[in-house]
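1. show me how the following folds:
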Amino acid sequence: MQTRTIGNVTVSAIGLGAMPMSVAGHMPDEDQSIRTIHAALDAGVTLIDTADAYTPTSAEVGHNERLVAKALALWGGDRDAVLVATKGGHTRVGDDGWDVDGSRAYIKAACERSLKALGVEAIGLYQHHRPDPAVPYEESVEALRELLDEGKIRMAGISNADSGQIRLADAILGGRLAGVQNEYSPRFRTSEPEIDVCEELGVAFLPWSPLGGMGAASSLGGEHAAFGRVAAERGVSPQRVCLAWELARSPVMIPIPGASRHESVLDSVAAVDLTLTEEELALLGRRN
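-> Have a look, this model is predicted:
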């Protein structure tokens with residue numbers, strides 16, 4: 001498995017986004033979810049992304065974190081080699097509502113809950129999930145700095161941040177910003193400037209919904225015809241071509257495609273062995 005780095009940790013170049021396993025209307029049963037996580041781990045994936053807000057309802061905060069923890073506990077491999085990344089600051093309201101809370105007090109309390117849900121003494125990568133317009137961004141990042149200094153988290157990251165917020169966060173953290181998790185896919189390319197800033201700073205960029213989001217991955221080759229064309233010529237799936245295209249975009253790029261079936265995981269992992277030509281990359285780089 002090809003590798004990349006987050007902070008000082010080496011991880012697989014493709015991670016696993018566990019969110020689809022805990023979202024109402026999409027989630028498979030627990031046994032299937034655990035089999036999917038195990039398939040990823042057995043295939044060499046060493047990065048799993050989750051969040052306290054990945055839960056069917058607001059009454060089950062931490063659902064996905066607990067699922068990931070259970071899957072790791074049941075896995076026979078080297079659990080110490082797996083980096084679990086989680087997030088706090090995005091909240092659930094009722095059965096399907098979302099809100100944000102970026103206050104220092106909330107982020108630190110959310111981290112404590114995530115520590116318990118994951119069953120660990122320190123979280124490998126803890127990320128501020130989403131900026132809160134009611135709270136100064138500095139306060140949210142300062143909470144991450146305090147968690148780092150307290151040893152509650154080993155690395156700090158941010159999500160859904162613009163270029164200025166990335167630079168600000170890295171400065172507040174004293175150059176210790178490890179990762180940025182923003183949306184990026186063939187249909188959503190406005191994070192290009194943030195990718196460039198991450199490359200400049202040596203910060204990992206973890207695109208969420210790298211295949212376009214739940215329900216969109218299956219139509220990738222149709223809505224974005226170039227991906228379907230290259231896939232047909234190569235005899236692979238458009239999803240595999242998409243992830244290979246993202247890996248070629250920058251050495252700091254680590255896609256975290258979501259999955260709820262082991263077949264999807266294995267296809268995603270195979271993207272690390274697909275090297276696209278300059279002509280193919282030029283074609284895929286055009287919007288269509």
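
2. the strands in this structure, which residues?
-> Assigned by DSSP state E, the strands in the chain fall at 3-6, 9-12, 16-17, 47-49, 83-88, 90-93, 97-100, 125-128, 156-159, 177-181, 204-205.

3. need the ones you listed in TSV with mean pLDDT, can you?
-> Below are those laid out as TSV (pLDDT from 0 to 100):
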stretch	mean pLDDT
strand 3-6	98
strand 9-12	98
strand 16-17	96
strand 47-49	98
strand 83-88	98
strand 90-93	88
strand 97-100	89
strand 125-128	98
strand 156-159	98
strand 177-181	98
strand 204-205	98
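
4. measure the nearest residue to Gly119 once chain neighbours are set aside to Ile123 for me?
-> Nearest residue to Gly119 in three dimensions, chain neighbours excluded: Ala69, at 5.0 Å (CB to CB, 6 or more residues apart in numbering). From N, CA and C alone the C-beta is placed, and that goes for glycine too. Per CB to CB, to the nearest Å, Ala69 is found 11 Å from Ile123.

5. quick revisit: check contacts around the residue nearest to Gly119.
-> Neighbouring residues of Ala69 by CB atoms under 8 Å, 6 or more residues apart in numbering: Ala117, Leu118, Gly119, Val120.

6. list buried residues within those residues.
-> Ala117, Leu118, Val120 (16 or more other CB atoms under 10 Å).

7. closest one of the residues you listed to Ser163?
-> The nearest member of these to Ser163, counting by CB to CB, is Leu118 at 30.6 Å.

8. what separates that closest one from Thr50, distance-wise?
-> 8 Å.

9. joint contacts of those two?
-> Glu65, Val68, Val84, Thr86.

10. now the residues you listed as CSV including neighbour count and distance to Glu112?
-> Formatted as CSV, those follow (neighbours: other CB atoms under 10 Å; distance: CB to CB, whole Å):
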residue, neighbour count, distance to Glu112
Glu65, 29, 12
Val68, 27, 17
Val84, 22, 16
Thr86, 31, 12
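
11. looking at those, which is nearest Lys108?
-> Minimum distance to Lys108 across the shared contacts of Leu118 and Thr50 is 14.1 Å, recorded for Thr86 (CB to CB).

12. quick one on the thing from earlier: state the pair within the contacts of Ala69 that is farthest apart.
-> Ala117 and Val120 (9.2 Å).

13. that older thread, turn the buried ones among the contacts of Ala69 into JSON lines, columns for pLDDT and distance to Leu148.
-> Listed next are the buried ones among the contacts of Ala69 as JSON lines, based on pLDDT from 0 to 100; distance: CB to CB, whole Å:
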{"residue": "Ala117", "pLDDT": "98", "distance to Leu148": "20"}
{"residue": "Leu118", "pLDDT": "98", "distance to Leu148": "17"}
{"residue": "Val120", "pLDDT": "98", "distance to Leu148": "15"}
